[in-house]
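>>> give the three-dimensional model of this entry:
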Amino acid sequence: LKKSNEKVYLDAYGTPLEDGDTVIVIKDLKVKGSSSVVKQGTKVTNIKLVDSDHDIDCRIPGIGAMSLKTEFVKKA
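Numbers count the residues shown, from 1 in each chain. Predicted structure coming up:
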């Protein structure tokens, strides 16, 4: 059960997300401070939800540690 004061994280389609979920990026995202791009359709496993300006901490294969916003992902 969720505590009532806990933030609920929803993906771009309103599906609740939890730590450890696998999500899929729904649009190409530029990586800040780098020329690389996270391609649409990239699968991101074992996410960690954080309460900051970005909602998701994760590792993206080939890029490394990243922070994502929930509006750019859908639950896999």
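
>>> enumerate every residue touching residue 31.
Contacts for residue 31 (Cβ atoms under 8 Å, 6 or more residues apart in numbering) come out as 37, 38, 63, 66. C-betas here are computed from N, CA, C, even on glycine.

>>> in this structure, which spans are strands?
Ranges of strands in the chain, per DSSP state E, are 9-10, 16-17, 23-25, 29-30, 37-38, 43-44, 48-49, 56-60, 64-68, 73-75.

>>> could those go into CSV alongside mean pLDDT and mean neighbour count?
Supplementary listing: those in CSV, determined by pLDDT from 0 to 100; neighbours: other Cβ atoms under 10 Å:
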stretch, mean pLDDT, mean neighbour count
strand 9-10, 95, 16
strand 16-17, 96, 16
strand 23-25, 97, 20
strand 29-30, 92, 14
strand 37-38, 94, 16
strand 43-44, 95, 16
strand 48-49, 96, 16
strand 56-60, 94, 18
strand 64-68, 92, 14
strand 73-75, 97, 20
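
>>> closest to residue 51 out of the contacts of residue 31?
Residue 51 has its nearest neighbour among these in residue 66, at 16.9 Å by Cβ to Cβ.

>>> excluding chain neighbours, what is closest to residue 39?
What sits nearest to residue 39 in space, not counting adjacent residues and going by Cβ to Cβ, 6 or more residues apart in numbering, is residue 28, at 5.8 Å.
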